[in-house]
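Asks: only geometry, no sequence info:
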């Protein structure tokens, strides 16, 4: 036996509408709705994708003709390392995570994910890690140990200085983001 739906008072409906409506202006950056967070992931991932494309373009210009001096040897290694890491950790993995964050509630007919603030935290950790990763390029401390930083290229003999530490700092934030996103999804 089905019972007819109970009509809620207008004050309750207005209160719920107020709670669930989208924030305006700068307050959108504090939103925790899965649609906003997923959209931020997609936009940021495509931004990092374009930045990785610029790195790849720099490498292609260097290799376009013999004896080019567009990039130095160290800078080329840094571009190579940054390009590979950005494409894997800042584009491919976050895009899959963004699709999960955006589509999973719709597939489950849920209003939002179970821990919406965890999704927002995951995005901001991803954003901070990616930004730190790219800032290392501008301060001359970009990593130069290859795509996945395998030894021996990351040892003191081949990668002196603190370049690898900056890579680890950025990747640490990015991996915290990935773990938080995995818990959420």
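Replies: Now that the structure is in, tell me what you want to look at. This is a predicted model, so every value here is computed, not measured.
Asks: longest helix anywhere in the chain?
Replies: helix 34-63 (DSSP state H).
Asks: for this protein, just list every one of the helices.
Replies: Counting by DSSP H, the helices of the chain are 10-20, 34-63, 73-85, 93-107, 116-138, 163-184.
Asks: kindly reformat the ones you listed as a markdown table containing distance to residue 145.
Replies: In this view, the C-beta of every residue, glycine as well, is placed from N, C-alpha and C. Below are the helices of the chain laid out as a markdown table (distance: least, CB to CB, whole Å):
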| stretch | distance to residue 145 |
| --- | --- |
| helix 10-20 | 47 |
| helix 34-63 | 15 |
| helix 73-85 | 6 |
| helix 93-107 | 20 |
| helix 116-138 | 13 |
| helix 163-184 | 6 |
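Asks: okay, those in CSV with distance to residue 26, mean neighbour count and mean pLDDT next?
Replies: Listed next are those as CSV, based on distance: least, CB to CB, whole Å; neighbours: other CB atoms under 10 Å; pLDDT from 0 to 100:
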stretch, distance to residue 26, mean neighbour count, mean pLDDT
helix 10-20, 19, 9, 78
helix 34-63, 13, 17, 93
helix 73-85, 31, 19, 87
helix 93-107, 22, 18, 88
helix 116-138, 15, 19, 90
helix 163-184, 22, 18, 87
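Asks: to residue 147, which of these lies closest?
Replies: With CB to CB as the measure, helix 73-85 is the member of the helices of the chain nearest residue 147 (3.1 Å).
Asks: rewinding a little: I'd like to know which of the helices of the chain lies nearest to residue 146.
Replies: Residue 146 sits nearest to helix 73-85 of all these, at 5.8 Å, using CB to CB.
Asks: centre-most residue in the chain?
Replies: residue 126 (4.2 Å; CA atoms, centre = their mean).
Asks: how close does the closest residue to it other than its chain neighbours get to residue 130?
Replies: Distance criterion CB to CB, 6 or more residues apart in numbering; nearest residue to residue 126, sequence neighbours excluded, is residue 177 at 3.7 Å. Relative to residue 130, residue 177 is positioned 9 Å away (CB to CB, to the nearest Å).
Asks: please apply the same query to residue 114.
Replies: Relative to residue 130, and taking CB to CB, residue 114 is found at 25 Å.
Asks: and for residue 150?
Replies: 22 Å.
Asks: again with residue 25
Replies: Per CB to CB, residue 25 is found 24 Å from residue 130.
Asks: same thing with residue 176?
Replies: Taking CB to CB as the measure, residue 176 falls 12 Å from residue 130.
Asks: cool, thanks, signing off.
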